[in-house]
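>>> Next comes the sequence, and after it the predicted model I'd like to discuss.
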Amino acid sequence: MMRRMGAGKTDERPWGSFTVLDDAEGHKVKKLLVRPGKRLSYQRHAQRSEHWFVVQGRGRVTVEGSSRDLTEGMAVDIPVSAAHRIENDGTDDLVFIEVQHGEYFGEDDIVRLEDDFGRAADGS
């Protein structure tokens, strides 16, 4: 497998940050940090599924309107096209590993259904 450019780069976001750990044909792996009181947009992807594994802290994950708490060592699978989000309702940073699987991983595959930061549906 050929590794694509961008791996190892950290991007800051209004909710925290993410670092691309691996970017190869068929999958992409990120480490995400969500600050206390912040949450990702409620979104869906048409071209990829995701698997989230919590390595630090706790969060509340919502998939297709159903919510549950995740703590260290817990995981959730997010099917293609499922609306999802995670929020850090704790007092410490939430860190999780995201494994994306599919054919396309561009940020423009994000369709934001709700967003706390006024971002457009184009992945910005």
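Thanks, I have the structure now. Residues are numbered from 1 along each chain as shown.

>>> pretty sure residue 16 is touching residue 87, no?
No. Residue 16 is not in contact with residue 87 according to CB atoms under 8 Å; the separation is 11.1 Å. Using the backbone N, CA and C atoms, a C-beta is placed for each residue, glycine as well.

>>> where do the contact lists of those two overlap?
Taking CB atoms under 8 Å, 6 or more residues apart in numbering as the contact criterion, the common neighbours of residue 16 and residue 87 are 34, 38.

>>> Spatially central, which residue of this protein would that be?
The central residue of the chain, meaning the one whose C-alpha is nearest the mean C-alpha position (CA atoms, centre = their mean), is residue 98 at 6.0 Å.

>>> check contacts around that one.
The contact partners of residue 98, taken as CB under 8 Å, 6+ apart, are 18, 29, 30, 31, 32, 50, 51, 52.

>>> Direction included, what does the helix or strand containing residue 12 pair up with?
Using DSSP states H and E, residue 12 maps to strand 10-13. When pairs are called by DSSP bridges, strand 10-13 turns out to pair with strand 16-24 (antiparallel).

>>> Can I get the next helix or strand along the chain from the partner strand in PDB, CA atoms only?
With elements assigned by DSSP H and E, the helix or strand that comes after strand 16-24 is strand 27-34. Taking Å, rounded to 0.1, in the frame of the first residue of the first chain, the C-alpha atoms of strand 27-34 are listed here in PDB:
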ATOM      1  CA  HIS A  27      -8.200   3.400   4.900                       C
ATOM      2  CA  LYS A  28      -7.200   6.400   6.900                       C
ATOM      3  CA  VAL A  29      -6.400   6.600  10.600                       C
ATOM      4  CA  LYS A  30      -6.600   9.700  12.700                       C
ATOM      5  CA  LYS A  31      -6.100  10.600  16.400                       C
ATOM      6  CA  LEU A  32      -8.700  13.200  17.500                       C
ATOM      7  CA  LEU A  33      -8.600  15.400  20.600                       C
ATOM      8  CA  VAL A  34     -11.900  17.000  21.700                       C
END
